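> Task: produce atomic coordinates for the following.
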Amino acid sequence: MLTLRLALGEQVAIGPGKAALLEAIRDEGSIAAAGRRMQMSYQRAHDLVAALNEDFREPLVATAMGGSGGGGARLTSLGEQVLRAYREAEAAAEAAVRDRVTWLRGVLARQD
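Okay, here's the model as predicted:
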């Protein structure tokens, strides 16, 4: 399996953790629920979302305040596009190195 982390700037990157968080927010409709799903504190999930929203020219996650109607979070259109682009890059990278990874696994001393 390939792990892809894309450095988009000196201090801006997206990798498997942020992509999984975006997917969890999309699926759960909540930063808190996404954090729980990933066994991550709400504070950590919130901080990652804040960083993602600051790193891109438009927010990737839109939030609504809680209350009687409940709060929530959803991916914006740009958030969906960024997530899709990351997953497409991940698939392309994996396809590009598949033969080499297969060969490398074949010459391991230990097979897991």
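> Only C-alpha atoms from now on, for both contacts and neighbour counts.
Noted.
> chain center to stretch 35-50: distance?
Its chain's C-alpha centre and that of stretch 35-50 lie 12 Å apart, by Cα atoms, centre = their mean, to the nearest Å.
> Check what contacts that stretch and list those residues.
Contacts to stretch 35-50, defined as Cα atoms under 8 Å, 6 or more residues apart in numbering, come from residues 18, 21, 24, 31-32, 34, 60-61.
> Now pLDDT too, for these, in TSV please.
Below are the contacts of stretch 35-50 laid out as TSV (pLDDT from 0 to 100):
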residue	pLDDT
Lys18	97
Leu21	98
Ala24	98
Ile31	95
Ala32	94
Ala34	96
Leu60	98
Val61	98
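> Can you flag the buried ones in these?
18, 21, 24, 31-32, 34, 60-61 (16 or more other Cα atoms under 10 Å).
> before we move on, the earlier item: among the contacts of stretch 35-50, find me the one that's closest to Arg98.
Lys18 (23.7 Å; Cα to Cα).
> The contacts of stretch 35-50: which two are farthest apart?
Largest separation among the contacts of stretch 35-50 by Cα to Cα: Ala32 and Leu60, giving 16.2 Å.
> Which positions in the helix or strand encompassing Ala96 come out as buried?
Assigned by DSSP states H and E, Ala96 belongs to helix 77-106. Within helix 77-106, the residues scored as buried using 16+ other Cα under 10 Å are 79-80, 82-83, 86-87, 90, 94.
> now, which of these sits nearest Leu6?
Closest to Leu6, out of all of those and judged by Cα to Cα, is Tyr86, at 8.2 Å.
> Just the CA coordinates for stretch 5-19, please, in PDB.
Output in PDB follows, covering the C-alpha atoms of stretch 5-19 (Å, rounded to 0.1, in the frame of the first residue of the first chain):
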ATOM      1  CA  ARG A   5       1.500  13.100   1.300                       C
ATOM      2  CA  LEU A   6       1.400  16.000  -1.000                       C
ATOM      3  CA  ALA A   7       3.400  19.100   0.100                       C
ATOM      4  CA  LEU A   8       1.500  21.900  -1.600                       C
ATOM      5  CA  GLY A   9       3.700  24.600   0.000                       C
ATOM      6  CA  GLU A  10       6.300  25.100   2.600                       C
ATOM      7  CA  GLN A  11       3.800  24.600   5.400                       C
ATOM      8  CA  VAL A  12       0.800  23.200   3.500                       C
ATOM      9  CA  ALA A  13       0.300  19.500   2.900                       C
ATOM     10  CA  ILE A  14      -2.500  17.000   2.500                       C
ATOM     11  CA  GLY A  15      -2.100  13.400   3.200                       C
ATOM     12  CA  PRO A  16      -4.100  10.300   4.300                       C
ATOM     13  CA  GLY A  17      -5.100  11.700   7.700                       C
ATOM     14  CA  LYS A  18      -6.600  15.000   6.400                       C
ATOM     15  CA  ALA A  19      -8.200  13.100   3.500                       C
END
